[in-house]
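Enquirer: Attaching a predicted model along with its sequence, questions to come.
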Amino acid sequence: MEKRLGQELSSLFGLLLFGLVIFFGLYHFMQRFATEPSVHSLMGSNSRPDAFYNETPPSEPARGRYVLHLNESLTVGKASLTYRGLTERSYFLVDVIIPELDPRRPYKYSFTIDTAEQGFRLAGHDFKLDSIGADYVRLVREMPPSE
């Protein structure tokens with residue numbers, strides 16, 4: 001009986017030793033040949049830099065076009081704009097937060113759609129209403145004439 005128990009313990013010990021050797025071998029292989037952490041993995045982006053990213057950009061600030069989505073803020077210059085929706089009387093609401101003055105206090109503005117299509121001033125910039133929906137507003141920034 002003792003010999004049988006000794007054989008079972010040696011088999012168990014051999015199996016445990018074999019498992020540890022395989023585990024540490026794989027660990028060493030992964031550490032040796034794995035790629036270095038990239039900037040993309042550190043920033044939380046798992047896609048490769050050369051991969052095709054299929055998402056329509058929400059705004060085109062370089063061309064002076066901005067899309068404000070309902071209850072989402074968008075930074076324009078030094079201010080943060082938030083679209084708050086349409087009212088029943090053809091007004092649309094925009095909150096403006098100027099962090100330099102007070103980062104927690106929104107300044108509330110309401111514009112009629114007709115006058116906004118002609119142009120309005122908001123957060124130190126001139127805008128015109130391009131299109132509007134229940135969940136978005138598209139604004140075009142009027143660039144001052146170059147002198």
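Expert: Thanks, I have it.
Enquirer: C-alpha from now on. contacts and neighbour counts both.
Expert: Fine.
Enquirer: Sketch out the helices for the chain, chain order is fine.
Expert: With DSSP state H as the criterion, the chain has helices at 2-33, 39-42, 113-118.
Enquirer: what comes up buried for the last one?
Expert: Right, helix 113-118. Within helix 113-118, the residues that qualify as buried are 113, 116, 117, counting by 16 or more other Cα atoms under 10 Å.
Enquirer: What is it packed up against?
Expert: strand 125-132 (3 or more Cα pairs under 8 Å, 6 or more residues apart in numbering; DSSP states H and E).
Enquirer: Give the pairing partners of the strand it packs on; include direction for each.
Expert: When pairing is defined by DSSP bridges, strand 125-132 lines up against strand 120-122 (antiparallel), strand 136-142 (antiparallel).
Enquirer: how far out from the middle of the chain is the shortest one?
Expert: Going back to what we said before, that points to strand 120-122. 27 Å (Cα atoms, centre = their mean, to the nearest Å).
Enquirer: For that strand, buried residues please.
Expert: Those would be residue 122, for strand 120-122 by 16+ other Cα under 10 Å.
Enquirer: go on, the last one?
Expert: Residues of strand 136-142 classed as buried under the neighbour-count rule (16+ other Cα under 10 Å) are 136, 137, 138, 139, 140, 141.
Enquirer: which outside residues touch it?
Expert: By Cα atoms under 8 Å, 6 or more residues apart in numbering, the residues outside strand 136-142 that reach it are 64-70, 83, 85, 125-132.
Enquirer: Kindly report the same for the first one.
Expert: With contacts defined as Cα under 8 Å, 6+ apart, strand 120-122 is touched by 126, 127, 128.
Enquirer: any low-confidence regions in the protein?
Expert: Counting by pLDDT under 70, the chain shows low-confidence ranges at 1-3, 34-63, 144-147.
Enquirer: about what we covered before: Throw the contacts of strand 120-122 into TSV and include distance to residue 25 and neighbour count, thanks.
Expert: Below are those laid out as TSV (distance: Cα to Cα, whole Å; neighbours: other Cα atoms under 10 Å):
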residue	distance to residue 25	neighbour count
126	65	15
127	63	23
128	65	19
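Enquirer: hang on, the earlier thing: what's the closest of the buried residues of helix 113-118 to residue 100?
Expert: residue 116 (26.3 Å; Cα to Cα).
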